[in-house]
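>>> I'll drop the sequence and a predicted model, then ask my questions.
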Amino acid sequence: MDSAGITRKDWDSEFFGREIWSADPSIALDSENLVGLLEEMDENGVWGIECHVPSSLFGAIPQLENAGFRLVDTRAVFRTEMDLSYSKHKQDGGNGSVRFATNEDCEAILEITDQTFVSGEIPFPSRFNNRDLFSENEAKRYYRAWITNNFDENERLCSVFEVEGEVVGFFLYGIDDSTNPVTLKGLMAGVRPEQRGSGAHLRMQHLILNELPYHTVLLDNTTQVTNIPVIRNHIRSSRWLKDTLFTFYRLRTSLAGTPM
């Protein structure tokens, strides 16, 4: 059923137990019969379709909205080439301390993830904490799976922030060595509310940068546009804004009478 740049997200569909597909806006929006295609997918039981629109295609957003897509998330992509051969960052100063994570820290990291991205007052919107799309339990399961899978593979690239012997923050990175220079991608970071504004994010990031065995890396950090404190950190660190992404979702019409 793949057609016009709309393809099945296999992992997501299996994980959430419903058909979730993804639309490539550069292809799907060129379809002369986009609405008809979406109606056909409704009839075939596709629960939802997501679409990530770069700023270069901003003018096409009304077409998505007319087809029933609704904005659920916005992200800023910072991508900066960094020379690490001479630049080392200080780690001292401020309260608490930073260190590399160990297996024993995993449960604390998962609890911080729940508190930061799922439960209570969420400081910024995303498609996973949109309760029209995913329940709180589904969001918790998703974030826990994301952390666990990447933590196992990249333990050396996870740092934690510790205050009085308690882990209160973490920063998880992944490395893609297929690029030149290698890409260091920020996967997820969280700090307990009472410790935010302490510079913990930068200190945890710098710990990892200082230990990398590369002269140069392409640093890739993506965060919600509404996450103003992290955006300010990137600006203070002279990160380059590469793009802004707008995430839209369309639910099957029969779920609520009209598309989401």
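Everything's here; your move. Quick caveat: nothing in here was measured; it's all calculated off a predicted structure.
>>> Moving C-terminal from whichever strand or helix holds Asn137, which element do we reach first?
Here Asn137, judged by DSSP states H and E, is contained in helix 136-153. Using DSSP H and E, the helix or strand that follows helix 136-153 towards the C-terminus is strand 158-163.
>>> Okay, now the sheet partners of that following strand, with direction.
Sheet pairing for strand 158-163, assigned by DSSP bridges, gives strand 97-100 (antiparallel), strand 166-176 (antiparallel).
>>> What is the helix holding Asn137 packed up against?
Packed against helix 136-153, as judged by 3 or more Cβ pairs under 8 Å, 6 or more residues apart in numbering; DSSP states H and E, are the following elements: helix 10-16, helix 106-113, strand 166-176, strand 183-191. The way it works is simple: take the backbone N, C-alpha and C, and place the C-beta from them, glycine included.
>>> So which of the strands paired with strand 158-163 is nearest Ala139?
Nearest to Ala139, of all these, is strand 166-176, at 17.5 Å by Cβ to Cβ.
>>> what about the closest one, distance to the chain center?
13 Å (Cα atoms, centre = their mean, to the nearest Å).
>>> quick one, that strand and helix 106-113 angle?
Angle of strand 166-176 versus helix 106-113, following axes from the mean of the first three to the mean of the last three Cα atoms, to 10 degrees, is 90 degrees.
>>> Can you pull out the residues in contact with strand 166-176?
96, 101, 105, 108-109, 112, 147, 150-151, 153-154, 157-162, 182-192, 194-195, 200-201, 204-205, 208 (Cβ atoms under 8 Å, 6 or more residues apart in numbering).
>>> possible to save the helices and strands packed on helix 136-153 as CSV with distance to Gly59 and mean pLDDT?
Listed next are the helices and strands packed on helix 136-153 as CSV, based on distance: least, Cβ to Cβ, whole Å; pLDDT from 0 to 100:
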stretch, distance to Gly59, mean pLDDT
helix 10-16, 28, 96
helix 106-113, 36, 92
strand 166-176, 31, 92
strand 183-191, 29, 90
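>>> Of the ones you listed, which is nearest Thr247?
Closest to Thr247 of these, according to Cβ to Cβ: helix 10-16, at 13.4 Å.
>>> can you list the weak-confidence ranges in this structure?
In the predicted model, the chain carries pLDDT under 70 at residues 1-3, 31, 86-94, 120-123, 153-156, 253-260.
>>> can you map out the strands along it?
6-8, 20-23, 48-54, 70-83, 97-100, 158-163, 166-176, 183-191, 216-224, 241-251 (DSSP state E).
>>> Next, format those as TSV and append distance to Asp132 and mean neighbour count.
Output for the strands of the chain, formatted as TSV (distance: least, Cβ to Cβ, whole Å; neighbours: other Cβ atoms under 10 Å):
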stretch	distance to Asp132	mean neighbour count
strand 6-8	21	17
strand 20-23	14	21
strand 48-54	10	21
strand 70-83	8	17
strand 97-100	38	16
strand 158-163	32	23
strand 166-176	28	21
strand 183-191	23	21
strand 216-224	17	19
strand 241-251	8	18
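>>> Take those strands and write them to JSON lines, including distance to Phe124.
Converted to JSON lines, these look like this (distance: least, Cβ to Cβ, whole Å):
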{"stretch": "strand 6-8", "distance to Phe124": "28"}
{"stretch": "strand 20-23", "distance to Phe124": "22"}
{"stretch": "strand 48-54", "distance to Phe124": "17"}
{"stretch": "strand 70-83", "distance to Phe124": "9"}
{"stretch": "strand 97-100", "distance to Phe124": "24"}
{"stretch": "strand 158-163", "distance to Phe124": "20"}
{"stretch": "strand 166-176", "distance to Phe124": "17"}
{"stretch": "strand 183-191", "distance to Phe124": "12"}
{"stretch": "strand 216-224", "distance to Phe124": "4"}
{"stretch": "strand 241-251", "distance to Phe124": "13"}
